[in-house]
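Student: I'd like to go over a predicted model; first the sequence, then the structure.
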Amino acid sequence: MRIPTPLLKMMVAVNVTFLLLLGFSYPYVEPGTPSYVAAVLTLGAVCVMLTLVSILIFIKWRRETL
């Protein structure tokens, strides 16, 4: 299955945008509140997605260079 490079770049941009938004909202979220739990879960999901997209980009780059 081939995934187009612009799609991967868009996914990285979306994930980085979510990380920036979470970073700006972190000082205003109090631990123990439902919004804090949502922020932590979102952070975990974004980190997993960013890792997976990075792996896909690396694999795609390696296949193109070999």
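Tutor: Now that the structure is in, tell me what you want to look at. Numbers count the residues shown, from 1 in each chain.
Student: Could you check how far Gly23 is from Val48?
Tutor: 17 Å (C-beta to C-beta, to the nearest Å). All C-beta spots, glycine's among them, are computed from the backbone N, C-alpha and C.
Student: list the helices and strands the lengthiest helix in the chain packs on?
Tutor: Across the chain, the longest stretch assigned as helix under DSSP state H is helix 34-65. Contact here means 3 or more C-beta pairs under 8 Å, 6 or more residues apart in numbering; DSSP states H and E; on that basis helix 34-65 packs against helix 5-25.
Student: what residues does the helix it packs on touch?
Tutor: Ala39, Thr42, Leu43, Val46, Met49, Leu50, Val53, Ser54, Leu56, Ile57, Lys60 (C-beta atoms under 8 Å, 6 or more residues apart in numbering).
Student: Can you redo those as a markdown table, where the extra columns are neighbour count, distance to Met11 and pLDDT?
Tutor: Putting the contacts of helix 5-25 into a markdown table (neighbours: other C-beta atoms under 10 Å; distance: C-beta to C-beta, whole Å; pLDDT from 0 to 100) gives the following:
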| residue | neighbour count | distance to Met11 | pLDDT |
| --- | --- | --- | --- |
| Ala39 | 17 | 20 | 94 |
| Thr42 | 15 | 15 | 94 |
| Leu43 | 15 | 17 | 94 |
| Val46 | 18 | 11 | 95 |
| Met49 | 15 | 7 | 95 |
| Leu50 | 17 | 8 | 94 |
| Val53 | 19 | 5 | 93 |
| Ser54 | 14 | 10 | 92 |
| Leu56 | 15 | 9 | 91 |
| Ile57 | 16 | 9 | 91 |
| Lys60 | 15 | 13 | 89 |
